[in-house]
Structures are given as structure tokens and as C-alpha cells.
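Asker: What would the 3D arrangement of this be:
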Amino acid sequence: MTPFHLESTNRNGVTPFHLHSTDGNGVAPFHLESTNRNGVSPFHPESSDTGRVQARTQTVIGIDLGGTNLRVGAVDLEGRLLSWVEGPIEAARGPEAGLQRIAALVERALLQAGPIKLGGIGIGASGPVDRALGAIQNPHTLPTWENVDVVTPLSSRFGVPVALENDADIAILGEYWVGAGRGCTRLAMVTVGTGIGLALMADGKLYRGARGYHPEGGHIVLDPHGPLCYCGANGCWESLASGTAIGRLAREREAVHPGSLLERVNGNLAEIDADIVGQAAEAGDASAREVIDQAAYYLGLGLVNVIGMFFPEVIVLGGGVMRRFDLMQPRIMQTLGRHVVMVRDSDARIELARLGIQAGVFGAAYAVLQELE
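Answerer: Okay, the predicted model is just below:
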């Protein structure tokens, strides 16, 4: 790996810092440095030991790093949001530019929050992550972000512990802490957007698989003869019920029998996506409602498996597709009623996520708070 050096100039009040890369263990480690105008780093942890922060620390930073957007917030120990900043991550520019962007938004969030004691930083990142290495391994939605160490440079820069989690895990942590799952001992969360993410909690702790890896619930196979998923399998849950699946099914139907959906996009088949289908279904379009109904059936079938395997008190549904839950609810509940036979309906209830786009920031904040305990 070729070492590189990248400098950032001060613009719009953002503190300048430097990135350096060195080769080692297949992970791209970056080093962030920052100084204020007097040559002094403006933020200090409560303790000089970066591995431990004293319990009186008042504030942590939560970072939600998606394939498109970057959201950062300062959160206190009671779950109150003290500041909020967001912007595009522009992942295609590469991890070094992305780390600059992250550090700049963290600094802005800290400045907006006012005088605080920074205790730690939590990051939730889209796609596969390696918690042990502190690395993001997701070139699918974060192009070129493969084996990129994000923990080390941020910990070194801000002098505090940094926790890294998968985006589905931080969503459930946020809902568990201050959202729809508050007070639950057994909780599942299904996030339905571009794909489908599944996260599980028991007794206040995330369920982790072997070597600490996150379960890939979106790739439960529901129909081995179904559409090919990017993972290489056929009929994965997310290839049948995600926003991507809704758009694909609608385009396939319109290609064979052109109708009102095609008219909505002026004949441009490629523009038909889940949002277009949802709008049409809300307006009473029969074809769009059929597409939504099919996706709802498979979403319900996946939930049947979640209930059967995990038996949660609550399943929280989140993600962009769930903005139209009212259209999908009848078919989902019908499917659950037909196939969930070993669990009483009252013992596993469905709740919509309450935190919206803030779930990731709250969850990332809670993740680092757990490590500080």
C-alpha cells in the first residue's frame, strides 16, 4: 500500500488537519491531527489515558455514516441531543477525504454543544465492519472503503475511546435507549430501505455472532427460486421485500405490461423506484398496490422467521420503506396470523421506529457509553 499525505486548508471555520497513511495488516490506518489558531488542540478528554475516561464525563459523540449521508450529534448521558450536524459523505472521493469530513463535522458538533467534557465517540457504519480491527469493510455502498481503520485516527485526534458498530446495530441501540424499544429485555429491529437489516438485543446487550460479527438477517433465504441477490444467493429477504426489490418488481411488470407507473416517469423505466411505487399506491393505483402487497407478504414472512427463532417482546420496524407501513400493514399482519402458530400475538408486538434519521446518532452514542461502563 502506497503511503500518502493529504492536507486540508481551513475553510468556513473548519479546523485544518492532516491525514497520513502507513501500510500494515491489510488495514488502511489514517492519522488525523488538528490544531487551533494558537497551535493547541481545542478538545480534551477528561483523562489523559485514551483507553479510559472517568465516569463524570458528560457528553459523547454519535456518528451515523451511511453510503450517502453523514450525521453527527453530541448526546449527554440522559439521551438528550445537544447538537446536530449533517452533510454528504461523498464516499467515492475515498476514505482519506471521508475521514476529513467526519472529523470536521465532529468538531462542528462539539462547538455547537458548548462547553462539554467529551467522553467518547461512537460510529455506526453502513455495511460490514470489523469491530476488532476498528475497520470498515464496505466497498458496496462506500466505494474504496475496504479495510479502512476509522477508530485509530479519530481516537488519536480527539483523545477519547471510539466504538465502531454496524448501522443496523446502532439503529436498534438507539431505539432501545430512547425510542420504541425502551424498557424491553428482548428486542428485534428490522430496517427496510435499500436493503434489509436485522439486529437483535437481549438483556440490554446486542446479540453478536461468531468472532463478534453482525448477523446478516437480510440474507435469510425465503424463496430459493426467487430473484438473484447481489450476495450470490437466490430469494434473500432483501431481494424480495426491500425498497430495491419493490422498484425492481415494478419495473419488471411495467416492461411487460406498460401502465400508469410508466406514465408517472414519462416513459423512463429506470426511474421507477420504491418511492414512485409508494406514491402511486397511495393514489390508488392497482398495479402499484399489487407490488406493495407482494413485498409486504415477504416482509411478513421474514418476520415470521424472526419471531420463530428469537421470540422478541417487540419487533421495531424502521427504514424508508416503513414510511408507508399503513399500505403494507394488512398483508404483513395477515401473514403473521397465518404462519406464527407457536407464539401468541400478544407476546410479540410490532412497533414502528420512533427516532427517524436520529436513530443512528443516538445508537452510536449509546454504543460508546456501553464501552465506557
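Asker: thinking residue 234 is in contact with residue 224, fair?
Answerer: Yes. Using Cβ atoms under 8 Å, residue 234 is in contact with residue 224, at 5.6 Å. C-betas here are computed from N, CA, C, even on glycine.
Asker: who has more neighbours, those two?
Answerer: Using other Cβ atoms under 10 Å, the more surrounded residue of residue 234 and residue 224 is residue 234, with 15 against 9.
Asker: What's the end-to-end length of stretch 164-184?
Answerer: Taking Cα to Cα, to the nearest Å as the measure, stretch 164-184 stretches 23 Å from start to finish.
Asker: swap that for stretch 152-165, please
Answerer: By Cα to Cα, the extent of stretch 152-165 from end to end equals 14 Å.
Asker: any idea how far residue 366 is from residue 224?
Answerer: Shown here: residue 366 relative to residue 224, a distance of 38 Å by Cβ to Cβ, to the nearest Å.
Asker: Equivalent analysis for residue 258, please.
Answerer: For residue 258, the distance to residue 224 (Cβ to Cβ) stands at 31 Å.
Asker: What ranges does this protein have for its helices?
Answerer: Assignment of helices within the chain using DSSP state H yields the ranges 95-113, 151-158, 167-178, 237-241, 243-256, 260-264, 274-282, 286-310, 325-339, 359-372.
Asker: which ones are touching residue 219?
Answerer: Residue 219 makes contact with 229, 231, 233, 236, 237, 238, according to Cβ atoms under 8 Å, 6 or more residues apart in numbering.
Asker: Also residue 294?
Answerer: Shown in contact with residue 294 (Cβ under 8 Å, 6+ apart): residue 249.
Asker: Need the per-residue pLDDT for residue 76.
Answerer: For residue 76, the pLDDT comes out at 95.
Asker: same question, the one 10 residues further on
Answerer: If you check residue 86, the pLDDT there is 94.
Asker: Low-confidence stretches in the stretch 51-200 of the chain?
Answerer: Applying pLDDT under 70 to the stretch 51-200 of the chain flags residues 51-57.
Asker: Spatially central residue for this protein, please.
Answerer: residue 167 (2.8 Å; Cα atoms, centre = their mean).
Asker: residue contacts, it?
Answerer: Counting by Cβ under 8 Å, 6+ apart, residue 167 touches 64, 65, 66, 124, 125, 126, 127, 191, 197, 360.
Asker: By neighbours, which of those wins?
Answerer: Most surrounded of the contacts of residue 167: other Cβ under 10 Å gives residue 360, at 32 neighbours.
Asker: Not counting residues beside it along the chain, what's closest to that residue?
Answerer: Nearest residue to residue 360 in three dimensions, chain neighbours excluded: residue 64, at 2.9 Å (Cβ to Cβ, 6 or more residues apart in numbering).
Asker: gap between residue 187 and residue 273?
Answerer: 30 Å.
Asker: With neighbour numbers in mind, choose between those two.
Answerer: Between residue 187 and residue 273, residue 187 has the larger neighbour count (other Cβ under 10 Å), namely 27 against 16.
Asker: My guess is that one contacts residue 204. True?
Answerer: No. Judged on Cβ under 8 Å, residue 187 makes no contact with residue 204 at a distance of 9.3 Å.
Asker: on that earlier part again, next, format the contacts of residue 219 as a markdown table and append distance to residue 107.
Answerer: Output for the contacts of residue 219, formatted as a markdown table (distance: Cβ to Cβ, whole Å):
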| residue | distance to residue 107 |
| --- | --- |
| 229 | 39 |
| 231 | 37 |
| 233 | 42 |
| 236 | 40 |
| 237 | 39 |
| 238 | 36 |
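Asker: which of those residues count as buried?
Answerer: With burial judged by 16 or more other Cβ atoms under 10 Å, the buried subset of the contacts of residue 219 is 229, 236, 237, 238.
Asker: Tell me the spacing between the spatially closest residue to residue 58 that is not a sequence neighbour and residue 111.
Answerer: Leaving aside its chain neighbours, residue 58 sits nearest to residue 117 (4.7 Å; criterion: Cβ to Cβ, 6+ apart). According to Cβ to Cβ, residue 117 and residue 111 sit 15 Å apart.
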